[in-house]
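Enquirer: need the 3D shape of this:
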Amino acid sequence: MTSKEEFFRNLVLEHQEMVVNTCYRFVFNREDAEDLAQDVFMEVHRSLDQFREEAKLSTWIYRIAVSKSLDHLRRMKRKKRFGSLKRLIGAEDPSEEIAAPSYETPAEALAEKERFRMLQNALDTLPDSQKTAFLLSKQDGYSNQEIADILNTSVSAVESLVHRAKKNLHEKLHAYYSNQ
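Expert: Predicted structure coming up:
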């Protein structure tokens with residue numbers, strides 16, 4: 001095995017879980033996330049010679065994963081708009097795959113599933129830039145500087161995106177819960 005092949009194999013082993021998890025946070029379907037991760041690594045392999053080391057390698061890979069995930073979501077929205085496919089989020093609904101804790105009553109489990117569905121619907125209405133910044137910040141725990149590197153933007157732009165995402169989510173969820 002050549003050193004380039006070995007380097008790439010080690011790169012995949014080191015970053016595969018992070019890439020699959022990143023894609024999953026956007027598409028909420030394990031199979032799609034794994035397919036997207038494969039696309040990400042094919043892109044990395046194709047473009048590795050063009051990597052300019054302006055950012056860390058992991059940041060560059062993460063940026064490709066986010067980009068591929070958002071492209072996938074756009075394709076799904078187009079398909080939905082044209083009515084050729086029903087919406088794909090998980091097997092049917094990602095919350096069905098989350099086992100309810102044994103101490104919950106069926107009513108509590110149903111309420112939790114509904115809260116998850118409402119949050120996912122609210123996230124889906126955000127512009128891609130806000131959704132990405134919000135998920136990277138609140139779900140993945142990246143710093144604003146790391147998010148700026150991933151999104152290739154400034155820290156102040158990231159702060160603004162996260163702030164607007166929180167504001168939009170608050171408005172959408174507040175409107176829903178106040179109508180209950």
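Enquirer: grab the nearest non-local neighbour of the spatially most central residue of the chain.
Expert: By C-alpha atoms, centre = their mean, the mean C-alpha position of the chain lies nearest to residue 26, the distance being 2.8 Å. Leaving aside its chain neighbours, residue 26 sits nearest to residue 69 (3.7 Å; criterion: C-beta to C-beta, 6 or more residues apart in numbering). Every residue, glycine included, has its C-beta placed from N, CA and C.
Enquirer: buried ones in the helix or strand of the chain with the lowest mean pLDDT?
Expert: The least trusted helix or strand in the chain, going by mean pLDDT, DSSP states H and E, turns out to be helix 106-125, with a mean of 77. Judged by neighbour count using 16 or more other C-beta atoms under 10 Å, the buried positions of helix 106-125 are 113, 122, 123.
Enquirer: next SSE after it?
Expert: helix 128-134 (DSSP states H and E).
Enquirer: mean confidence score for that following helix?
Expert: Mean pLDDT, computed over helix 128-134, is 91.
Enquirer: got the contact list for it?
Expert: 26, 66, 70, 73-74, 123-124, 126, 147, 151, 158, 161-162, 164-166, 168-169 (C-beta atoms under 8 Å, 6 or more residues apart in numbering).
Enquirer: repeat the analysis, applying 7 Å as the threshold.
Expert: The contact list for helix 128-134, computed with C-beta atoms under 7 Å, 6 or more residues apart in numbering, reads 66, 70, 123, 126, 147, 151, 158, 161, 162, 164, 165, 168.
Enquirer: need those in TSV (columns: secondary structure and distance to residue 8).
Expert: Listed next are the contacts of helix 128-134 as TSV, based on DSSP: H, G, I helix; E, B strand; the rest coil; distance: C-beta to C-beta, whole Å:
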residue	secondary structure	distance to residue 8
66	helix	21
70	helix	24
123	helix	33
126	coil	35
147	helix	26
151	helix	25
158	helix	30
161	helix	33
162	helix	34
164	helix	38
165	helix	35
168	helix	40
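Enquirer: for this protein, give me the ranges with low pLDDT.
Expert: Counting by pLDDT under 70, the chain shows low-confidence ranges at 1, 78-105, 108-109, 180.
Enquirer: okay, domains of it per the record?
Expert: 1-92, 98-180 (automatic domain parsing).
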